[in-house]
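Asks: Quick check, what structure comes out for this input:
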Amino acid sequence: MGFSMRLLTPEHLGAEFNVDSSEEIDDFQSLVMHACGLLGRTDCRFLVSGFGQDEWPVTVDYDLSAVMEQLPAMVAELRADKPAVLDFYAQGIQRMLEIAPQNDRFEIRCRSGTAWNPHPECELMERSAFWDMLTKLAAQFAVALQHAAPALGTRTPFPDWSTGKL
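Replies: Numbering: from 1, shown residues only. This next block holds a predicted model:
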């Protein structure tokens, strides 16, 4: 199975789920961390696979937050046809993806910071499939947030993400 990231949106919110729009949060990183903390309290699931492992041990509240925080910068680098990095830096997973443009594909190299070893270490992905995966992930994130915390889901850039604009 090739590299893949996706989000399963929450189906149920517990009766104790207390939505806090946190309007005082004004920086993107804090906003994403807060959003992922809220989503982590739902049945939302972040699924990542690839490099010889069908299901990476990732969480919504920490690992998804790390990915979404890095998404805008990574997209900007790749759109400029420059290499980019996606760092799964959480203790226990510690994997870094180095993404390099190559004609109509991206070469994705996985570096492990733990005893786990990627097999294969490098995967190729068609550019269109890679962009589709990122666009869907952002849209799934925005939709999950709109479902779980509607007021927070209206904050920039989430409405754009929900329509497939990165």
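
Asks: Nearest residue to Gly50 in space, please, no chain neighbours.
Replies: Closest residue to Gly50 apart from its sequence neighbours, by C-beta to C-beta, 6 or more residues apart in numbering: Phe3 at 3.3 Å. The C-beta positions use only the backbone N, C-alpha and C, and glycine is treated the same way.

Asks: Isn't the one you found up against Leu124?
Replies: No - at 9.6 Å, Phe3 does not count as touching Leu124 under the criterion of C-beta atoms under 8 Å.

Asks: Quickly list what's touching both of these two.
Replies: The contact sets of Phe3 and Leu124 overlap at Ile108 (C-beta atoms under 8 Å, 6 or more residues apart in numbering).

Asks: neighbour count winner among the two?
Replies: More neighbours surround Phe3 than the other of Phe3 and Leu124, with 21 against 13 (other C-beta atoms under 10 Å).

Asks: any idea how far the more buried one is from Lys136?
Replies: 14 Å (C-beta to C-beta, to the nearest Å).

Asks: Quick check: beta-bridge partners of Met96?
Replies: Beta bridges link Met96 to Asp87, Arg111, judged by DSSP bridges.

Asks: What count of nearby residues applies to it?
Replies: The burial count for Met96: 14, using other C-beta under 10 Å.

Asks: Ala148 now?
Replies: Count around Ala148 with other C-beta under 10 Å applied: 22.

Asks: Now it, what are its backbone angles?
Replies: Torsion angles at Ala148 (phi, psi; degrees, to the nearest 10) stand at phi -80, psi -30.

Asks: Test my guess that it contacts Leu39.
Replies: Yes - judged on C-beta under 8 Å, Ala148 makes contact with Leu39 at a distance of 5.8 Å.
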